[in-house]
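**Student:** generate coordinates for the sequence data below:
(one chain, ligands or ions: 2)
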Amino acid sequence: MGSSILSGTFISFEGPDGAGKTSALRAITAQIMDGLGDQLVITREPGGNPISESIRSIILDRANTAMDYRTEALLYAAARRQHLAQTILPALEADQLVLCDRYVDSSIAYQGAGRQIGEDAVAEMNQFATDGLLPDLTIYFDVPAEVGLRRIQAHRQADQVDRLDVEKTAFHDRVRAAYLRLQAADPDRIKRIDATQEPAKVVEQALTLIKQTAPRYF
Ligand SMILES: Nc1ncnc2c1ncn2[C@@H]1O[C@H](COP(=O)(O)OP(=O)(O)OP(=O)(O)O)[C@@H](O)[C@H]1O
Ligand SMILES: Cc1cn([C@H]2C[C@H](O)[C@@H](COP(=O)(O)O)O2)c(=O)[nH]c1=O
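**Tutor:** Numbering: from 1, shown residues only. Ligands and ions are numbered 1, 2, ... in the order given. Down below sits the predicted model:
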């Protein structure tokens, strides 16, 4: 990853659609932002900067039914590269705490397993995009696919449901199974939370993991 010193801490939030990552990230931000001030960087994938947000709009647009699965995987990786270069690396060099809604594990789970283009192939492509940079901690919000999808159907406006949300349950089952495999393969980095619990409990457990990984910010 070059010769720069990445003294900050990088934490990603992962899980199937509707697992509650974004809600938990919002609640955690509200609890810690006053104490951390500009040491805290909240960001998301795909997105986090204007170029990556433009790529996000293309990927998630429900009108793009013709998108090839490898094109989709390459676009996620391109958005990630730009996000890393423009947002994550500068923050880590500046000693900040980065909390990111999704990162490379999403591509392995969704494109590798969900789209069935191969978890190893997607991991390899992302090795190029990320130069091997992995989070210090990944919090995996685990819910059965049908629970997440039910939450989305219950709470989201029809125009907020994206191209991936509308995939069938079998797709989301493969995504969840891949996340569980990733967690089992790298339990030191990826910590699982039972995200079927009530929101306050999920938030408390996620915040505890963050404080254990990055105690110097608290
Ligand atoms: N622990 C929970 N129990 C019940 N409902 C929840 C819980 N956490 C979040 N929700 C609700 O589920 C819905 C999806 O939550 P959220 O948008 O945070 O999920 P997400 O993991 O970010 O999903 P996506 O990846 O699809 O954006 C929201 O309406 C939210 O209020
Ligand atoms: C980073 C990334 C994301 N996805 C999918 C997962 C979700 O369905 C959407 C992003 O929407 P969110 O509401 O912001 O979670 O994109 C993916 O398939 N591959 C990826 O690498």
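
**Student:** my guess is Val143 contacts Ala19. True?
**Tutor:** Yes - counting by C-beta atoms under 8 Å, Val143 does reach Ala19; the two are 4.7 Å apart. To be clear about C-beta, it is placed using only N, CA and C from the backbone, and glycine gets the same treatment.

**Student:** got any residues that touch both of the two?
**Tutor:** Listed contacts common to Val143 and Ala19 are Ala195; contacts here mean C-beta atoms under 8 Å, 6 or more residues apart in numbering.

**Student:** quickly check: the worst-scoring helix or strand of the chain on mean pLDDT near ligand 2 or not.
**Tutor:** Lowest by mean pLDDT, DSSP states H and E among the helices and strands of the chain is helix 145-155, with a mean of 90. No - using C-beta under 6 Å from any ligand atom, helix 145-155 stays clear of ligand 2, coming no nearer than 9.1 Å.

**Student:** run the angle between the helix or strand that that helix is followed by and helix 145-155 for me.
**Tutor:** Following helix 145-155 in sequence order, the next helix or strand is helix 169-185 (DSSP states H and E). Calculated by axes from the mean of the first three to the mean of the last three C-alpha atoms, to 10 degrees, helix 169-185 forms an angle of 120 degrees with helix 145-155.

**Student:** so for the residue positioned nearest the centre of the chain, what's the nearest residue that isn't a sequence neighbour?
**Tutor:** Geometric centre of the chain, nearest residue: Arg102, 0.8 Å, by C-alpha atoms, centre = their mean. Excluding the flanking residues, the one nearest Arg102 by C-beta to C-beta, 6 or more residues apart in numbering is Glu45, at 4.4 Å.

**Student:** I am finished for the moment; much appreciated.
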